[in-house]
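> Below: sequence and its predicted model.
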Amino acid sequence: MEFYRKPVAVARPADEYCAECDAPMTGDEAALNYKLVDKKTTRLLCPTCLGKRLELKPETLREMITLFRKQGCTLFSPWVDIDT
């Protein structure tokens, strides 16, 4: 039996909006909410608002997105190494 794998998009478009400031969010920023808060959360926050809640800088949260992507977490868009 062959297993079928769906093609994975390289980057997700902005598809959500912050529940507090209504800023557009990428799919990876929404995935960060699922990863750090709860997988069933429906109230998504942008990195700035999420950072205020978690007492972290937005830059730190964006670095976490990169780290999780490089680790291969399936909540985030896949990491594509341009050098290879």
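Good, I have the coordinates. Residues are numbered from 1 along each chain as shown.
> In the chain, where's the longest helix?
Longest helix in the chain, counting residues (DSSP state H): helix 58-71.
> tell me what it is packed against?
In terms of contacts (3 or more C-beta pairs under 8 Å, 6 or more residues apart in numbering; DSSP states H and E), helix 58-71 is packed against helix 27-36, helix 47-54. Where C-beta positions appear, they are placed from N, C-alpha and C, glycine not excepted.
> of all those, which lies closest to W79?
Comparison of those against W79 by C-beta to C-beta identifies helix 27-36 as nearest, at 10.7 Å.
> mind listing what's buried in the longest helix of the chain?
By neighbour count on 16 or more other C-beta atoms under 10 Å, the buried set for helix 58-71 is 61, 64-65, 68-69.
> spatially speaking, which residue is in the middle of the protein?
The structure's the chain has its C-alpha centroid closest to D28; by C-alpha atoms, centre = their mean the separation is 2.2 Å.
> Isn't that residue up against R69?
Yes. Here D28 reaches R69: they are 7.1 Å apart, a contact under C-beta atoms under 8 Å.
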